[in-house]
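A.B. asks: My questions concern the predicted model and sequence given below.
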Amino acid sequence: MVSQHRWSFVRSGFPVWGALVLVCACAIPLVSDQGRGAQVVVVSVSGDWTPIRQDPGTTAKAAGAETQRPVRFGETLTVGAICLFGNEQGSIVLKFATPADSVLYPFPCEKANMGGAASCTTGPRNTCAVDLRKVGEKKGLTASFMATISEALARITRAAPEKYMVAASRGAEAELMDAVVPLEGEQIDLRAAFRDMDPGTYYVELGAVGAASTQGPPVRVSFAKGQAARAEARGVSGGLYKLALVTEKGEPGDSDCWILVGPPPEYAKQAASYDQAVSESTKLPAEMDAGATRALLRAYLESLASPGEGVTRP
């Protein structure tokens, strides 16, 4: 018996302002004794890493934020007398904010290096510490992936990082995967999005990224490995959408993804660019959180859909 599900997809309107308020603009200017100094971006974070100022008798405080709030994925931090303190088995990956710089600095917190960073004297004991003033002294890893997605990273740091984050997996079940898919007349071939799914009959819905409503009723799609998985897509043009599994009656399913629908003139180039980024992402340091990597790839998918949009402040 084949499995039956349902899905939906929505055209992206790139809503950022509501999330911008929630995230407080991502670029959290930690007070620095170096004025307008260098900045680093939190490219990945696992566990809580708390900034604490190293000036005698003071603690770190993000401007306009709560005291000693753990840093978040996508934040931009000003380099100064600040140390980040994390617990065992956590990790953080930093990158200088200069767009042309593609070097990553991973910091795992392992038992062997707990209590390190002699320059970090103000903070909790039995933790790992990263002195932001000394990040560049560590041997970094040049990652071609970061050069490829430089515009996408700018979208994350200047908008709302949580927009790109993927909810934690609900188990070992296969999920829809973000992908570039071809538009063929009034149909789209979803085999790339279904590549990790089991063969069967599914229902999906298509809608705008970040929107609550969907574009039309659920659509039936049959999937088999190595074969096209075409779905009706009347009225759909090229662009970024959210694709979601639903039941036959339209009730929410257990998986969704982002798809870039590419009409014939653009599809081949967009698909090749995205496949290259996915391949490069497999060479990132082991400290990179899988959710952060997928978020970066989602932002890149968005940048392929609308080059240049969402990169600068209004």
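C.D. replies: Received, thanks. Source: prediction; values computed, not measured.
A.B. asks: which regions of this structure lie under the pLDDT threshold?
C.D. replies: Within the chain, the set of residues satisfying pLDDT under 70 comprises 1-36, 56-67, 116, 168-172, 212-215, 309-314.
A.B. asks: Identify the single longest helix in it, thanks.
C.D. replies: What stands out as the longest helix in the chain, according to DSSP state H, is helix 264-281.
A.B. asks: so what does that helix touch, helix or strand wise?
C.D. replies: helix 144-148, strand 179-184, strand 252-262, helix 290-305 (3 or more Cβ pairs under 8 Å, 6 or more residues apart in numbering; DSSP states H and E). (C-beta placed from N, C-alpha, C; glycine too.)
A.B. asks: Packing partners of the last one?
C.D. replies: Counting contacts by 3+ Cβ pairs under 8 Å, 6+ apart, helix 290-305 is packed against strand 39-46, helix 150-158, strand 239-246, strand 252-262, helix 264-281.
A.B. asks: any residues touching that helix, and which ones?
C.D. replies: Residues from elsewhere that reach helix 290-305 (Cβ atoms under 8 Å, 6 or more residues apart in numbering): 12, 14, 43-45, 73-74, 93, 145, 148-149, 151-153, 155-156, 161, 164-166, 168, 178, 180, 209, 238-240, 258, 260, 270, 273-274, 277-278, 281, 284, 310.
A.B. asks: What of the second one?
C.D. replies: With contacts defined as Cβ under 8 Å, 6+ apart, strand 179-184 is touched by 188-193, 195, 230, 233, 236-238, 257, 259-264, 267, 270-271, 274-275, 301, 304.
A.B. asks: now that strand, how far from the centre of its chain.
C.D. replies: The chain centre lies 21 Å from the centre of strand 179-184; the measure is Cα atoms, centre = their mean, to the nearest Å.
A.B. asks: same question, the third one
C.D. replies: Computed by Cα atoms, centre = their mean, the chain-centroid distance of strand 252-262 equals 15 Å.
A.B. asks: in that strand, what counts as buried?
C.D. replies: By neighbour count with 16 or more other Cβ atoms under 10 Å, strand 252-262 contains the buried residues 253, 255, 256, 257, 258, 259, 260, 261, 262.
A.B. asks: Closest to residue 123 out of the residues you listed?
C.D. replies: Closest to residue 123 out of the buried residues of strand 252-262 is residue 258 (38.6 Å), distances taken as Cβ to Cβ.
A.B. asks: ok so, going back, I'd like to check the angle between the longest helix of the chain and strand 179-184, please.
C.D. replies: Orientation check (axes from the mean of the first three to the mean of the last three Cα atoms, to 10 degrees): helix 264-281 against strand 179-184 gives 160 degrees.
A.B. asks: Show me what helix 264-281 is in contact with.
C.D. replies: Contacts of helix 264-281 (Cβ under 8 Å, 6+ apart): 143-145, 148-149, 179-180, 182-183, 192, 238, 260, 262, 293, 296-297, 300-301, 304.
A.B. asks: give me that answer again for 6 Å
C.D. replies: 144, 145, 148, 180, 182, 260, 262, 293, 300, 304 (Cβ atoms under 6 Å, 6 or more residues apart in numbering).
A.B. asks: mind listing what the third one touches?
C.D. replies: So that's residue 148. Residue 148 sits next to 277, 280 when contact means Cβ under 6 Å, 6+ apart.
A.B. asks: 10 Å instead, please
C.D. replies: By Cβ atoms under 10 Å, 6 or more residues apart in numbering, the residues touching residue 148 are 102, 273, 274, 276, 277, 279, 280, 281, 296, 300.
A.B. asks: one step back: show the buried residues in the contacts of helix 290-305.
C.D. replies: Burial by neighbour count, judged by 16+ other Cβ under 10 Å, picks out 12, 14, 43-45, 73-74, 93, 145, 148-149, 151-153, 155-156, 161, 164-166, 178, 180, 209, 238-240, 258, 260, 270, 273-274, 277-278, 281, 284, 310 from the contacts of helix 290-305.
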